[in-house]
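Participant: Here is my input; please provide its structure:
(4 chains)
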There are 4 protein chains.
Amino acid sequence: MRAERKPLRSDMGCSDTTRIRVQGLDLMQDIMGKLNLGDFAFLEIKRRLPTPDESVVFNAMLATLVEHGMTPMAIATRLTYLGAPESLQGAVASGLLGMGTTFAGTAEGSARLLQEVLAGEGAQVPDDQLPAMAESIVRRLRETRQPIPGIGHNLHKPVDPRAPRLFEIAAKHGLSGRPVRLMNEVAAAAERILDKPGLLPVNATGALGALATEMEIPWRLCRGLAVIGRAIGLVGHSAEELENTLAREIWERTEAEASAHVQW
Amino acid sequence: MRAERKPLRSDMGCSDTTRIRVQGLDLMQDIMGKLNLGDFAFLEIKRRLPTPDESVVFNAMLATLVEHGMTPMAIATRLTYLGAPESLQGAVASGLLGMGTTFAGTAEGSARLLQEVLAGEGAQVPDDQLPAMAESIVRRLRETRQPIPGIGHNLHKPVDPRAPRLFEIAAKHGLSGRPVRLMNEVAAAAERILDKPGLLPVNATGALGALATEMEIPWRLCRGLAVIGRAIGLVGHSAEELENTLAREIWERTEAEASAHVQW
Amino acid sequence: MRAERKPLRSDMGCSDTTRIRVQGLDLMQDIMGKLNLGDFAFLEIKRRLPTPDESVVFNAMLATLVEHGMTPMAIATRLTYLGAPESLQGAVASGLLGMGTTFAGTAEGSARLLQEVLAGEGAQVPDDQLPAMAESIVRRLRETRQPIPGIGHNLHKPVDPRAPRLFEIAAKHGLSGRPVRLMNEVAAAAERILDKPGLLPVNATGALGALATEMEIPWRLCRGLAVIGRAIGLVGHSAEELENTLAREIWERTEAEASAHVQW
Amino acid sequence: MRAERKPLRSDMGCSDTTRIRVQGLDLMQDIMGKLNLGDFAFLEIKRRLPTPDESVVFNAMLATLVEHGMTPMAIATRLTYLGAPESLQGAVASGLLGMGTTFAGTAEGSARLLQEVLAGEGAQVPDDQLPAMAESIVRRLRETRQPIPGIGHNLHKPVDPRAPRLFEIAAKHGLSGRPVRLMNEVAAAAERILDKPGLLPVNATGALGALATEMEIPWRLCRGLAVIGRAIGLVGHSAEELENTLAREIWERTEAEASAHVQW
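Facilitator: Below is the predicted model:
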């Protein structure tokens, strides 16, 4: 056993009999009735309030992550709600657990890529060298057989409509700097090198990774943005399931077909 | 096996190659850059956009649920993040699972109480009969040894400061009707009947239950509001844990003390 | 803040550089290679080793809970595994969360019923009064419109074949006492009172509740037996999903049908 | 939308009014009262019954994974149980989610290593070449700055007592073949190359990875073995928490200390 102990200290929030403080602010006077929920999320992650420009862009980023229709996550939440209607928190958690590398990995991946190459020496690279930097990134990923994160989309072709909209909002609000430019150059380099002109534009996850980097949100937390958005969406699916249950039908069909071959 | 099958139908969202629709709206044009995250949550739950007044009140309601400092949920998220840093979704889900009857039950309980008594015949009860209705509610709960939801607080004494602030915002925005009045009358009746004058005012969960009822949000979904808020808070705690890990220290202290009595 | 602190103490297990102790036993010498997994589960819950008779009965009880085919829980696990293949623990947890009141509630309910009526004064009731006790239980549940836990089954008609097999194993191993007798009397009373002769025998959850009571396992932990069994089954479904993925197909069918009505 | 659909088919289990089949066996006649829980887990994962030798070894493997005392997972389960006592499944799931790369990764890693090098051409390598194979493995991992999975332990020094016990049981039951030999050679090569004689023997996770490989259990499912064992352990901790709650004390101490620096 160690003799010394590290002190436990947190600055998230605390309260006494009459006061409640969150991130150094007074919950009742500074937050309630003043901050919208997206701004509060920004405050929790960045430990400071967003500027008006950041507020618009950050809320738009989260808006791309709330509702994607009948995803595997939404179906899992509905099935779990059927089994445990006493704990809505369990149904939402059940769906959130599917927000893993298959679906949330590419925003994380593009943010990581941008943050790693633009940090350290990369911060000194002049803007006119970004196309060359993008080209070497794409070649390196190709050589090591790694996917290029944040470009192309298997449904939205040729263009994922969320990406240009995110970049439009960001540009209007002054958040279109080197990460956005480099992400676009990566897509252009990939189209050239893979000889797929116009077919591999930046997608929603690439745009999210770029904007998270603009806001200096660490890539390890990008999945957290997806979790925040999706938690809202899964409560929404629970609300629809409460009125019109689909879970039992999905279960019964699946069970019947999966066992139809059995010879007793 | 049944011969007939119920069709599966959902109106949450869908997309094709160039379009993305959410709740009947165009994601890019109607939502991104226009709706804040709280408004989007309202849209997901109520299936319509909030009015400007509802937007302020609903965002304020969610704001009371985001950050409560170092709760059992926050500690669980931090411990899980230590063990599975590859899946932030798992850390947040782990914490959310603690959002059960102990902590989220009373908002649900007060919403249920108000929604049950104000529906059906209760809708016909004239306003000046609400004090009598409250008195009979309190007496019935007392007789069946059930707790009175939504009043008093074990830390915030005598007044939970979030409740008057929520009611103030709601009043300013025209959302202070019969549910708010009845909730206040329940608190007053409890103080009279239990002879604790001034000691059992409406608390935050009582105010949330009343305002959810004003907005016609079913009581079964009230726990969902807590889940939405807390998901944001738990991503925040993950962000702090990433910079300053407390989990290992909490673990080591607990493990050492819990086994200190063992004689080998 | 309180001045005094409760000491933290646990007797589950501990270790030093060369030794590992679990429930007071030496893991390497007393458990590994000697106890089967069901016996270890008994040890964890009861804090003592099972007798040979208890071992057979307890393993049989758990065996009824492992694999129920393509349940909502199994489907949720498979969908979550699709989204987060990096965290099998998340896929299993996702499915476990559906082990709630809808599916696990009746074993809990019958155990609770038996434990409450057979404790205190109920312990003095002579055996020949058990039929009358059962009759009053059924009448009371009927009057308060509560379901009678542990009897009848919507698929296995008229008899759930697991129940007689569990009771047969228990009788052979000396674990067929008052709880089993009372559970059978409850079923008989329900058939008489509801005039459904032969149609409401004890089902698997009723048998599990009775045998848990024989073993003095608190009703609050009965859901834990289901969780143990189902965790194994969900790892099994993950293994099958790894070879033959069904999740994507279930997702795509559901998504396509749920949005088929949308007019763009 | 695709025109063709893949049929859904599963062979895990199914039932009709009078029969229940699991993995092609009759649940009542072939499993209940005959298979212990570890054997049932083997059946679920391998789709066949274990031999008597495999039964002993597989139960011993699982036994190493059930109870590790007051781990972060156990603390998370206890904290979640405090908040949501109505859903024990949520408390266990909450703890299981911490069974990630930090704690479960090395068994997975050593199994993967062994399965990759012993498959394909590696299957042709004569036994007397295994030391050379081990040496090249260690050098390759060192060059690419990857950890060597399955050797050494930060608490159990110099020897993790579970590893020799697992290997002893396996040898006695005829499951000590090339994977076990190669794992031991990897440890020996690491000690030589890193010049730490006697300090880096195979640990419990290395032994588990080797024995899973002996049994031809895919490395992707090794984390599933940990999940099965730990689910049992976490139900055990819930049982202790039910009698002697530690969660509230851990919470209150942590909350008080974490905010002690706040100046109001």
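
Participant: which ones are touching residue A:123?
Facilitator: With contacts defined as CB atoms under 8 Å, 6 or more residues apart in numbering or on different chains, residue A:123 has no neighbours. (Glycine included, C-beta is placed from N, CA and C.)

Participant: no, scratch that, I was asking about residue A:101
Facilitator: Residue A:101 makes contact with C:84-86, according to CB under 8 Å, 6+ apart.

Participant: Which of the residues you listed sits closest to chain A?
Facilitator: Using CB to the nearest CB, residue C:84 comes nearest to chain A of these, at 2.3 Å.

Participant: Once you drop chain neighbours, what's closest to the closest one?
Facilitator: Nearest in space to residue C:84, with sequence neighbours left out and distances taken as CB to CB, 6 or more residues apart in numbering or on different chains, is residue A:100 at 2.3 Å.

Participant: ok, and for stretch A:142-158, which residues are buried?
Facilitator: By neighbour count on 16 or more other CB atoms under 10 Å in any protein chain shown, the buried set for stretch A:142-158 is A:148-153, A:156.

Participant: Let me know the closest of the residues you listed to residue D:222.
Facilitator: Nearest to residue D:222 among the buried residues of stretch A:142-158, counting by CB to CB, is residue A:149 at 28.0 Å.

Participant: My guess is the residue nearest to residue C:84 contacts residue C:89. True?
Facilitator: No. Look at residue A:100 against residue C:89 with CB atoms under 8 Å: they stay out of range, at 11.2 Å.

Participant: of those two, who's got more company?
Facilitator: Neighbours per residue, other CB atoms under 10 Å in any protein chain shown: of residue A:100 and residue C:89, the larger number sits with residue C:89, 32 against 27.

Participant: OK, contacts around that one?
Facilitator: Residue C:89 neighbours (CB under 8 Å, 6+ apart): B:84, B:90, D:96-100, D:104, D:223, D:226-227.

Participant: now, which of those residues lie within strands?
Facilitator: Among those, no residue falls in strands (DSSP state E).

Participant: Could I get the contacting residues of residue A:173?
Facilitator: Shown in contact with residue A:173 (CB under 8 Å, 6+ apart): A:53-54, A:56-57.

Participant: Intersect the residues you listed with the contacts of chain B.
Facilitator: By CB under 8 Å from any CB of the partner chain, the members of the contacts of residue A:173 lying near chain B are residue A:56.

Participant: so can I have a markdown table of the contacts of residue A:173 showing neighbour count, pLDDT and secondary structure?
Facilitator: Below are the contacts of residue A:173 laid out as a markdown table (neighbours: other CB atoms under 10 Å in any protein chain shown; pLDDT from 0 to 100; DSSP: H, G, I helix; E, B strand; the rest coil):
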| residue | neighbour count | pLDDT | secondary structure |
| --- | --- | --- | --- |
| A:53 | 14 | 98 | helix |
| A:54 | 20 | 98 | helix |
| A:56 | 21 | 98 | helix |
| A:57 | 26 | 98 | helix |
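
Participant: Out of the contacts of residue A:173, give me the two with the largest separation.
Facilitator: Farthest-apart pair in the contacts of residue A:173 is A:54 and A:56; separation 7.5 Å (CB to CB).

Participant: Get me the contact residues on the stretch 1-150 of chain A for chain D.
Facilitator: Counting by CB under 8 Å from any CB, the stretch 1-150 of chain A comes close to chain D at A:7-10, A:14, A:16, A:19, A:21, A:84, A:86-87, A:89-90, A:93, A:97.

Participant: Go through those and flag which are in helices.
Facilitator: A:89-90, A:93 (DSSP state H).

Participant: Now flag whichever of the buried residues of stretch A:142-158 is closest to residue C:40.
Facilitator: residue A:149 (44.0 Å).

Participant: Among the buried residues of stretch A:142-158, which one sits closest to residue D:44?
Facilitator: Nearest to residue D:44 among these, with distances taken as CB to CB, is residue A:149, at 36.1 Å.

Participant: Which of the three states applies to the closest one?
Facilitator: coil (DSSP: H, G, I helix; E, B strand; the rest coil).

Participant: What residue, apart from its backbone neighbours, is nearest it spatially?
Facilitator: Closest residue to residue A:149 apart from its sequence neighbours, by CB to CB, 6+ apart: residue A:109 at 3.3 Å.

Participant: Surely that neighbour is in a helix?
Facilitator: Yes. With three-state DSSP as the criterion, residue A:109 is assigned to a helix.

Participant: and it, how far is that from residue C:32?
Facilitator: Going from residue A:109 to residue C:32 by CB to CB, to the nearest Å gives 42 Å.

Participant: who has more neighbours, these two?
Facilitator: Remark: of residue A:109 and residue C:32, residue C:32 carries more neighbours, 25 against 21, as counted by other CB under 10 Å.

Participant: residues touching that one, list them.
Facilitator: Shown in contact with residue C:32 (CB under 8 Å, 6+ apart): D:60, D:63-64, D:162, D:165-166, D:169.

Participant: confidence score at it?
Facilitator: We note a pLDDT of 98 for residue C:32 in this prediction.

Participant: and if you look at residue A:3?
Facilitator: pLDDT for residue A:3: 53.

Participant: nearest to residue A:233, of the contacts of residue C:89?
Facilitator: residue B:90 (18.1 Å).

Participant: what about the closest one, neighbour count?
Facilitator: Counted with other CB under 10 Å, residue B:90 comes out at 35.

Participant: State the distance from it to chain A.
Facilitator: Between residue B:90 and chain A the computed distance is 6 Å (CB to the nearest CB, to the nearest Å).

Participant: Next, the contact list for residue A:203, please.
Facilitator: Taking CB under 8 Å, 6+ apart, one finds A:106, A:150-153, A:156, A:160, A:162-163 in contact with residue A:203.

Participant: Which of those residues fall in helices?
Facilitator: Applying DSSP H to these, the entries found in helices are A:106, A:162-163.

Participant: Keep those residues, but drop any that are not near chain C.
Facilitator: Subset of the ones in helices among the contacts of residue A:203 in contact with chain C: empty, counting by CB under 8 Å from any CB.

Participant: Dump these into CSV; add neighbour count, distance to chain B and pLDDT as well.
Facilitator: Output for those, formatted as CSV (neighbours: other CB atoms under 10 Å in any protein chain shown; distance: CB to the nearest CB, whole Å; pLDDT from 0 to 100):
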residue, neighbour count, distance to chain B, pLDDT
A:106, 24, 15, 79
A:162, 26, 6, 97
A:163, 27, 10, 97
